[in-house]
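Engineer: structure here, sequence nowhere to be found:
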């Protein structure tokens, strides 16, 4: 049997196709460091990571949903619901600010958001409602609940209580001796968990399989409906956690929090190479996609670039990312046919 020769050109070509977002990140770092002398300072870099921590958590949940061929438009509203639920509990019901009450408030906020995600999953999986429509309905409900709970006003906790001091330490503090912000550590832990689940567990393979060929997975005797519902449940939980991180960073729960963040999460997944039709994507490249958006926003802010044109630039980058994916997919397809 003739051994296959190692083709270095094909190796680099495949690496570029599969990990193009990494090259984009490296290019952004080089360009940003040349444009702004402030960019490479440790304080600025940790600030970027801290700002992207909550989006990273949201995007991990969105990735799970997209891998099944679905979409979750409710993530921003679910984050807002988490923020105001937690803040309202510790301000209105437990103003003394004990750590025990804080933990209970966190659990309640996480449970509420997990239920919200599960509701979307049930509508999509068991009632066959299109993911776009189901998540749109949940988005509207969660945003409305956020405004009802907070009475349409920001809910700020007292920073002098034990709860306030603990949240401030987590939201704005760093690991002693290392200087890495705690929100970044929390986000990194869940990135690693999602990466492990997708790569080494049967559930992860089922999620990818549903997006690749749902009928085949169903014919294999696997409960597709339950597994599809679970990805929305996971998304809801991670949105709840992201809301807690945001409250710890800002010190306030605002019902308008997360408005439009679903688009950033979807864009990060697409930029990271995830296919909107499902079955393709991984946690590492998706995280890199989040960082690319963070770097892009940071350098434009350092250059005093106006906020509204920044949205135009982000939109153009999304278009380019989708086109790169399309051409890469065609190239892979043509090579497979040739073989």
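Structural biologist: Yes, it's here. Because the structure is a prediction, the values reported are computed rather than measured.

Engineer: strands of the stretch 151-300 of the chain, start to end?
Structural biologist: 155-156, 252-253 (DSSP state E, counting those that start in this stretch).

Engineer: to residue 263, which of those lies closest?
Structural biologist: Comparison of those against residue 263 by Cβ to Cβ identifies strand 252-253 as nearest, at 21.9 Å. (Glycine included, C-beta is placed from N, CA and C.)

Engineer: what average pLDDT does the strand or helix carrying residue 55 get?
Structural biologist: Assigned by DSSP states H and E, residue 55 falls within helix 42-67. On average, the pLDDT along helix 42-67 is 93.

Engineer: re earlier: relative to residue 23, which of the strands of the stretch 151-300 of the chain is closest?
Structural biologist: strand 252-253 (38.7 Å).

Engineer: and the closest one, how far out from the chain middle?
Structural biologist: 20 Å (Cα atoms, centre = their mean, to the nearest Å).

Engineer: picking up where we left off before, tell me the buried residues in the helix holding residue 55?
Structural biologist: 44, 48-67 (16 or more other Cβ atoms under 10 Å).

Engineer: sorry, back to before: next, format the strands of the stretch 151-300 of the chain as a markdown table and append mean pLDDT and distance to residue 35.
Structural biologist: As requested, these are exported to a markdown table (pLDDT from 0 to 100; distance: least, Cβ to Cβ, whole Å):
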| stretch | mean pLDDT | distance to residue 35 |
| --- | --- | --- |
| strand 155-156 | 92 | 37 |
| strand 252-253 | 93 | 33 |
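
Engineer: winner for burial among the ones you listed?
Structural biologist: strand 252-253 (a mean of 24; mean count of other Cβ atoms under 10 Å).

Engineer: helices of the stretch 201-339 of the chain, start to end?
Structural biologist: Listed from the start of the chain, the stretch 201-339 of the chain has helices (DSSP state H, counting those that start in this stretch) covering 202-219, 224-250, 261-271, 283-302, 307-338.

Engineer: middle-most residue in this structure, spatially?
Structural biologist: residue 59 (1.3 Å; Cα atoms, centre = their mean).

Engineer: now it: how far from residue 190?
Structural biologist: 10 Å (Cβ to Cβ, to the nearest Å).

Engineer: again with residue 129
Structural biologist: On the measure of Cβ to Cβ, residue 129 and residue 190 end up 28 Å apart.

Engineer: so for those two, which residue has more residues nearby?
Structural biologist: Between residue 129 and residue 190, counting by other Cβ atoms under 10 Å, residue 190 is the more crowded of the two (20 against 16).

Engineer: list the residues that contact the more buried one.
Structural biologist: 56-57, 60, 238, 241 (Cβ atoms under 8 Å, 6 or more residues apart in numbering).

Engineer: kindly recompute the last result at 10 Å.
Structural biologist: 53, 56-57, 60-61, 234, 237-238, 241-242, 283 (Cβ atoms under 10 Å, 6 or more residues apart in numbering).

Engineer: again with residue 127
Structural biologist: Per Cβ under 10 Å, 6+ apart, neighbours of residue 127: residue 134.
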